[in-house]
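> please find the sequence and the predicted model below.
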Amino acid sequence: MQTAEHARTLNEIRLLVLAAQREGGRRLGRAFRRSGVTPAQSEVLEVLSGGERLTLAEVGRRLVCEAGSPSRLVDSLVKAGLVARTPGSTDRRTVLLAITPGGLAKLAELTDAAGPSLDLSDGRLDEYEARALAGLLRRLLGGTPGGTAVAARFPAVPDGAWSG
């Protein structure tokens, strides 16, 4: 049985995670304002930046920003010339998505623009603390769609393999 204090702590964690997400979104929104790309669109570019051609469903499974189908996000990126649609090599009905050279350049521009905006801790967490927090959040979100999307993009570092 859960104690009242444990329930209170779990609610606090929920709100802290929400606050961190909103703060991160605000910071990225400000950093990307002039680029014409939203933080959600930048996540699609990031997912495709490894050079792998993915279906829309595969992109959707790797996104945290979009719970459903990312078709509108992808459509806007295709229209801007940052993502290309190509037919699958084995099944021509399959449409694969790939980042274009312009998309890679835009992603580099966004990464430069984000700079310190990506460090929500503003230096308050050292490398060990940041990894410990990431591990706790992985555990908290394990098996959820968002946790699965993050795990697919950032494979866990085995214990003891940290450099630091």
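Everything's here; your move. Numbers count the residues shown, from 1 in each chain.
> use CA for all of it now, contacts and neighbours both
Will do.
> now whichever helix in the chain runs longest: how far from the chain's centre is it?
Using DSSP state H, we find that the single longest helix of the chain is helix 4-32. How far helix 4-32 lies from its chain's middle: 16 Å, per C-alpha atoms, centre = their mean, to the nearest Å.
> buried sites along that helix?
Within helix 4-32, the residues scored as buried using 16 or more other C-alpha atoms under 10 Å are 24-25, 27-29, 31-32.
> give me the helices and strands touching it, please.
helix 39-48, helix 101-114 (3 or more C-alpha pairs under 8 Å, 6 or more residues apart in numbering; DSSP states H and E).
> and the angle from that helix to helix 39-48?
90 degrees (axes from the mean of the first three to the mean of the last three C-alpha atoms, to 10 degrees).
> which one of the buried residues of helix 4-32 is nearest residue 96?
Of all these, residue 32 has the smallest distance to residue 96: 26.6 Å, by C-alpha to C-alpha.
> quickly check the buried residues of helix 4-32 for the two that are furthest apart.
Most distant of those, by C-alpha to C-alpha, are 24 and 32, 12.0 Å apart.
> on that earlier part again, tell me the average confidence for the longest helix of the chain?
What helix 4-32 shows for mean pLDDT is 91.
> before we move on, what about stretch 156-164?
Per-residue scores along stretch 156-164 average to 55.
> before we move on, the earlier item: what's the angle between the longest helix of the chain and helix 101-114?
Using the same axes, to 10 degrees: helix 4-32 against helix 101-114 is 120 degrees.
> can you pull out the residues in contact with stretch 93-111?
31-32, 35, 42, 45-46, 48-49, 51-56, 81-88 (C-alpha atoms under 8 Å, 6 or more residues apart in numbering).
> flag the shaky bits of the protein, pLDDT-wise.
67-68, 157-164 (pLDDT under 70).
> apply 50 and report the result again.
Along the chain, the parts satisfying pLDDT under 50 run over 162-164.
> which residue of it lies farthest from its centroid?
Ranked by distance from the centre of the chain (C-alpha atoms, centre = their mean), the top residue is residue 1, with 35.0 Å.
> for it, give its distance to residue 92.
55 Å (C-alpha to C-alpha, to the nearest Å).
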